[in-house]
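**Q** coordinates only, sequence not included:
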């Protein structure tokens with residue numbers, strides 16, 4: 001199934017996958033979080049492919065020819081089309097990674113080539129707002145206080161009267177959920193693109209910025225995405241060059257409160273003691289969710305780069321034959337920082353701070369030859385090639401507590417507890433390589449009768465010496481019944 005930009009879902013989308021929601025049969029897309037810093041959508045094609053829960057069901061994404069597992073770094077406004085490969089035969093050419101289906105994403109580029117220089121400027125943007133539409137279903141503070149009367153004496157609530165220094169007592173009415181949420185969360189998004197073309201060159205450059213507030217206080221995501229795509233013709237049509245580069249910087253401010261606690265905590269408990277310190281609820285497992293939100297800090301930021309160059313040689317003496325070389329790199333670094341001030345209801349976490357970093361780098365090299373030809377009502381298209389991809393992962397984390405001042409936070413982790421009792425340090429580094437040879441032939445007659453066959457020989461360094469390589473063959477047949485004359489007679 002192929003969905004073009006004009007057919008995408010309109011409206012605010014936190015992830016490009018939201019553009020496809022409800023558009024493709026058999027593609028299940030669920031967004032179960034309003035947190036802008038969360039992963040967003042859960043995607044499933046054809047159902048689960050394994051009984052192993054940890055293996056997941058997410059598809060493989062191919063972005064402008066680059067296989068990847070993450071598309072959060074693509075501006076939805078810059079996507080030209082998305083193709084969903086649901087059946088096994090179509091995805092088989094991508095080997096083990098295509099087991100859960102494949103989604104091909106093509107981003108926007110400069111349009112065509114023109115004898116006269118042509119430049120176009122585009123802007124798109126939106127502002128949206130979100131708010132809590134309904135309560136938790138739990139009793140409001142007033143309903144809780146009057147529960148005995150409301151229930152006809154069947155339920156007698158436990159009311160807490162806060163004693164003051166002057167001997168008086170007050171009955172608080174704390175709406176814990178309201179204390180943790182914004183009245184309205186505002187998101188604004190802007191995308192500016194410049195495209196142009198000449199006789200042998202075209203380009204499109206874009207810059208996108210988004211700031212998304214979460215319903216929860218202190219919850220926010222900012223992202224900046226820059227992209228450049230260019231195409232060039234050379235050597236009198238013998239050589240085509242294609243360049244794609246993109247960069248993203250993001251920051252996630254994470255919510256540290258506790259909605260579950262806020263929904264169930266006694267509304268007659270106060271937020272603060274009379275002296276301004278946070279009230280500590282008595283009872284096993286209870287905490288002050290406002291204290292957790294305000295006394296704990298957690299955020300992450302990072303950068304992501306994707307770049308590729310493709311050179312295609314058009315073999316003019318044999319019409320329809322092309323040989324291509326493709327090289328791409330991806331690099332991402334993610335950093336997380338967190339620190340806790342004094343937290344009366346969580347003494348173990350009180351005063352702790354930490355930071356972690358994860359870096360991933362991959363390089364891809366591909367060589368392919370493809371051929372297509374039509375004669376009479378027959379059409380054939382074939383491709384064969386070799387692919388090599390290497391992945392490198394590196395990371396470390398450190399945490400400590402017992403700092404001289406709260407202001408040190410995650411800046412000077414080594415200045416914590418002198419006895420190193422609470423110091424925790426870890427790191428990792430690993431890599432793997434994937435290599436494959438593949439071939440595919442597609443045939444159709446009169447655009448009605450279709451046949452496809454593909455095979456892939458794939459090897460991975462992750463497997464043992466006797467099981468590094470595997471075969472992935474596939475065959476499919478199709479009949480486009482709407483092309484038959486009798487269907488036209490039926491008005492189909």
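**A** Structure's in. What do you need? What you see is a predicted model; the values in this text were computed from it and never measured.
**Q** Only C-alpha atoms from now on, for both contacts and neighbour counts.
**A** Will do.
**Q** Can you list the strands that the helix or strand hosting residue 356 pairs with?
**A** Assigned by DSSP states H and E, residue 356 belongs to strand 353-375. With DSSP bridges as the criterion, the sheet partners recorded for strand 353-375 are strand 321-340 (antiparallel), strand 378-400 (antiparallel).
**Q** who are the neighbours in contact with residue 374?
**A** Going by C-alpha atoms under 8 Å, 6 or more residues apart in numbering, residue 374 touches residue 380.
**Q** For it, give the beta-bridge partners.
**A** residue 379.
**Q** quick one: it from residue 187, how far?
**A** Counting by C-alpha to C-alpha, to the nearest Å, the separation of residue 374 from residue 187 is 50 Å.
**Q** repeat for residue 102
**A** In terms of C-alpha to C-alpha, residue 102 sits 31 Å off from residue 187.
**Q** Those two: who's more crowded?
**A** residue 102 (25 against 20; other C-alpha atoms under 10 Å).
**Q** name the element the most centrally placed residue in the chain belongs to?
**A** In the chain, the centroid-proximal residue (C-alpha atoms, centre = their mean) is residue 72; its distance is 3.5 Å. Taking DSSP H and E as the definition, residue 72 sits outside all helices and strands.
**Q** Show the contacting residues for the closest residue to it other than its chain neighbours.
**A** Using C-alpha to C-alpha, 6 or more residues apart in numbering and skipping the chain neighbours, the partner closest in space to residue 72 is residue 15 (5.9 Å). By C-alpha under 8 Å, 6+ apart, residue 15 lies in contact with 40, 41, 71, 72, 76.
**Q** Of the residues you listed - the most surrounded one?
**A** residue 76 (22 neighbours).
**Q** Tell me how far that residue lies from residue 106.
**A** 11 Å.
**Q** same question, residue 419
**A** Taken as C-alpha to C-alpha, the span from residue 419 to residue 106 is 55 Å.
**Q** now do residue 377
**A** 29 Å.
**Q** Could you do residue 292 as well?
**A** 43 Å.
**Q** So which of these two has more stuff around it?
**A** residue 292 (22 against 17).
**Q** Are we agreed that the more buried one is in a helix?
**A** Yes. Assessed with DSSP: H, G, I helix; E, B strand; the rest coil, residue 292 lies in a helix.
**Q** count of residues packed around the nearest residue to it once chain neighbours are set aside?
**A** For residue 292, ignoring the flanking residues on the chain, the nearest one in space by C-alpha to C-alpha, 6+ apart is residue 257 at 5.2 Å. Counted with other C-alpha under 10 Å, the neighbours of residue 257 add up to 24.
**Q** And the helices in this protein?
**A** Ranges of helices within the chain are 88-91, 141-145, 147-150, 176-180, 259-264, 289-295, 485-489, based on DSSP state H.
**Q** who does the longest one touch, helix- and strand-wise?
**A** Put plainly, it is helix 289-295. helix 176-180, helix 259-264 (3 or more C-alpha pairs under 8 Å, 6 or more residues apart in numbering; DSSP states H and E).
**Q** let's see 10 Å
**A** helix 176-180, helix 259-264, strand 321-340 (3 or more C-alpha pairs under 10 Å, 6 or more residues apart in numbering; DSSP states H and E).
**Q** ok, residue 119 - how many residues close by?
**A** 14.
**Q** Show me the beta-bridge partners of the closest residue to it other than its chain neighbours.
**A** Taking C-alpha to C-alpha, 6+ apart, and ignoring the residues beside it in sequence, residue 119 has residue 196 as its nearest neighbour in space, at 4.1 Å. Residue 196 forms beta bridges with residue 119, residue 203, as assigned by DSSP bridges.
**Q** related to what we said a few turns ago, just send the contacts of residue 15 back as a markdown table, with pLDDT too.
**A** Listed next are those as a markdown table, based on pLDDT from 0 to 100:
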| residue | pLDDT |
| --- | --- |
| 40 | 65 |
| 41 | 78 |
| 71 | 89 |
| 72 | 86 |
| 76 | 93 |
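**Q** Comparing the helices of the chain by mean pLDDT, which bottoms out?
**A** In terms of mean pLDDT, the lowest-scoring of those is helix 88-91 (a mean of 70).
**Q** so can I have a markdown table of the contacts of residue 15 showing distance to residue 471?
**A** As requested, the contacts of residue 15 are exported to a markdown table (distance: C-alpha to C-alpha, whole Å):
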| residue | distance to residue 471 |
| --- | --- |
| 40 | 34 |
| 41 | 32 |
| 71 | 28 |
| 72 | 32 |
| 76 | 36 |
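**Q** which one of those residues sits closest to residue 130?
**A** residue 40 (16.1 Å; C-alpha to C-alpha).
**Q** now the closest residue to residue 150 other than its chain neighbours: how far from residue 159?
**A** Spatial nearest neighbour of residue 150, excluding adjacent residues (C-alpha to C-alpha, 6+ apart): residue 143 at 7.7 Å. Residue 143 sits 12 Å away from residue 159, going by C-alpha to C-alpha.
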